[in-house]
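A.B. asks: Structure of the sequence below:
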Amino acid sequence: MHRKRAPTRALPKAPQKVKAPQKAKRTGPAPSAASPSAAAPPSDGRRRELVLAACQLIAQSGLEELRTRDIAAKVGINISTLHYYFETKEDLIGAVVDHMTELFRTLRAPLAADATPLEELRHAFVTQAYRRRVVPWLELVVQEMMLRARRDEKVRQRLELMLLGWNGYVEAVIARGVREGDFARDLDPKIAAAIVTSYSMGSNLQQGVRPSTFPQEAAYERLVSLLRPARFASRTQD
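C.D. replies: As a prediction, this is how the structure comes out:
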């Protein structure tokens, strides 16, 4: 007579290990306050090297000739490593624009804290020459990006912010000068700022083509005199 076997109890299953969620892959270092598309230079050393190399190559050969392989070679890395930091060439160009914009905003010749509006406006001319000495490639890169912005919406948006900031700064200086009597009372600060910044961009182009014959300082002084009250403008003409 066969005994009935007692039903076997299933052994409790060992608890399965919960897999930690996989981190999303990234194409570059973790972003920080000074990168990735924030104003340059990027805080990461390699990103900074790549941005500066791109700036120098743009100044040397123009934006249309810019190749990522040439940038990688200049820094001494392979193209795969470059794409670890900047997934596309457009990303790298965006970082160049941000770097250029930050230099344009912060790199200025020394100015006394108690400068008058007139002195501050004249200082803008001094700053142009100062930037040209300290960062020789900056003007060329700005001009290349201005052309690119005509057909590249992302670059245009970045440069528009730069120009709005620049015009806003000059407008504030002129408005203060109108209140303090440095500039004519009937001057429209917004229009005057547009004229001054447009002159600055145009003079940079002329200075680049004919540096020895363009009367940049005299032309700027004449422009400033036109903003002055009539009693001062007439003295300048004499």
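A.B. asks: name the element residue 72 belongs to?
C.D. replies: Per DSSP states H and E, residue 72 falls inside helix 68-75.
A.B. asks: which helices and strands does that helix pack with?
C.D. replies: Helices and strands touching helix 68-75, by 3 or more Cβ pairs under 8 Å, 6 or more residues apart in numbering; DSSP states H and E, are helix 45-61, helix 79-85, helix 89-106. From N, CA and C alone the C-beta is placed, and that goes for glycine too.
A.B. asks: Can you tell me what sits against that helix?
C.D. replies: 46, 49-50, 53-54, 56-57, 78-79, 81-83, 86, 89, 92 (Cβ atoms under 8 Å, 6 or more residues apart in numbering).
A.B. asks: same thing but at 6 Å, please
C.D. replies: Around helix 68-75, the neighbours that count as contacts under Cβ atoms under 6 Å, 6 or more residues apart in numbering are 49-50, 53-54, 57, 79, 82, 89.
A.B. asks: Also stretch 177-186?
C.D. replies: 117-118, 174, 187, 227, 229.
A.B. asks: again, only using 10 Å
C.D. replies: The contact list for stretch 177-186 (Cβ atoms under 10 Å, 6 or more residues apart in numbering) reads 116-121, 173-176, 187-189, 192, 224, 226-233.
A.B. asks: And stretch 193-208, by the same measure?
C.D. replies: 121, 124-125, 127-129, 131-132, 139-140, 142-143, 146, 163, 166-175, 188, 213-217, 219-220, 223-224, 226-227.
A.B. asks: where does residue 184 land in three-state SS?
C.D. replies: What DSSP: H, G, I helix; E, B strand; the rest coil gives for residue 184 is coil.
A.B. asks: For it, give me phi and psi.
C.D. replies: Here is the backbone geometry of residue 184 (degrees, to the nearest 10): phi -60, psi 140.
A.B. asks: Okay, strands next: where are they in the chain?
C.D. replies: For the chain, no strands turn up when DSSP state E is the criterion.
A.B. asks: So for it, the centremost residue is which one?
C.D. replies: By Cα atoms, centre = their mean, the chain has its centre lying nearest to residue 101, at 1.7 Å.
A.B. asks: Quick check: that one touching residue 161?
C.D. replies: Yes - the criterion here is Cβ atoms under 10 Å, and residue 101 meets it with residue 161 at 7.4 Å.
A.B. asks: so can I have TSV of the contacts of helix 68-75 showing neighbour count and distance to residue 183?
C.D. replies: Below are these laid out as TSV (neighbours: other Cβ atoms under 10 Å; distance: Cβ to Cβ, whole Å):
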residue	neighbour count	distance to residue 183
49	18	44
50	25	44
53	20	43
54	26	40
57	21	42
79	13	54
82	22	49
89	15	45
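A.B. asks: Mind picking the one among those that's closest to residue 111?
C.D. replies: residue 54 (30.5 Å; Cβ to Cβ).
A.B. asks: Now do the closest one against residue 61, distance only.
C.D. replies: 11 Å (Cβ to Cβ, to the nearest Å).
A.B. asks: Likewise for residue 105?
C.D. replies: Going from residue 105 to residue 61 by Cβ to Cβ gives 26 Å.
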